[in-house]
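**Student:** Build me a structure from this.
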Amino acid sequence: MSSIYKVIEIIGSSDKSWEDAAKKAVETAAKTLEDLRVAEVKELDMRIEDGKVVEYRAKLRVSFKYKG
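**Tutor:** As a prediction, the model looks like this:
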């Protein structure tokens with residue numbers, strides 16, 4: 001039996017690292033989306049204030065099994 005997957009984009013943020021931002025995004029999405037399969041990091045950026053990095057952001061594409 002074949003499966004169908006839906007793909008969405010999510011953005012996570014962290015004051016520690018890009019890895020932490022991505023992890024938080026996936027863990028938060030997993031609270032409301034069932035059967036997450038793959039998370040692909042698409043873009044990394046950071047927010048700067050007064051010459052200092054204050055936030056890391058990770059944009060991810062996440063796939064989950066489509067039930068519809």
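
**Student:** Next, the contact list for the closest residue to residue 8 other than its chain neighbours, please.
**Tutor:** Leaving aside its sequence neighbours, residue 8 sits nearest to residue 62 (C-beta to C-beta, 6 or more residues apart in numbering; 5.8 Å). C-beta: built from backbone N, CA, C; applies to glycine. Listed by C-beta atoms under 8 Å, 6 or more residues apart in numbering, the contact partners of residue 62 are 7, 8, 9, 10, 25, 26, 29, 33, 36, 38, 39, 40.

**Student:** Now go through those residues and say which are in helices.
**Tutor:** 25, 26, 29 (DSSP state H).

**Student:** rewinding a little: let me know whether my guess that the residue nearest to residue 8 is in a helix holds.
**Tutor:** No. Per DSSP: H, G, I helix; E, B strand; the rest coil, residue 62 lies outside any helix segment and is strand.

**Student:** That one and residue 3, how far apart?
**Tutor:** From residue 62 across to residue 3, the span is 16 Å (C-beta to C-beta, to the nearest Å).

**Student:** Then residue 11?
**Tutor:** Residue 11 is 26 Å from residue 3, where distance means C-beta to C-beta.

**Student:** okay, those two: which has more neighbours?
**Tutor:** Neighbours around residue 11 and residue 3, counted as other C-beta atoms under 10 Å, are more numerous at residue 11. The numbers are 14 against 9.

**Student:** Which residues lie in contact with the residue nearest to the more buried one when sequence neighbours are not counted in this structure?
**Tutor:** If the residues on either side of it in the chain are set aside, residue 11 comes closest to residue 59, at 5.0 Å by C-beta to C-beta, 6+ apart. Counting by C-beta under 8 Å, 6+ apart, residue 59 makes contact with 9, 10, 11, 41, 42, 43, 44, 45.

**Student:** Please repeat the previous calculation with a cut-off of 7 Å.
**Tutor:** 9, 11, 42, 43 (C-beta atoms under 7 Å, 6 or more residues apart in numbering).

**Student:** Sort out which of these are buried, if you could.
**Tutor:** With burial judged by 16 or more other C-beta atoms under 10 Å, the buried subset of those is empty.

**Student:** ok so, going back, just the closest of the contacts of residue 62 to residue 49, please.
**Tutor:** Nearest to residue 49 among the contacts of residue 62 is residue 25, at 21.7 Å by C-beta to C-beta.
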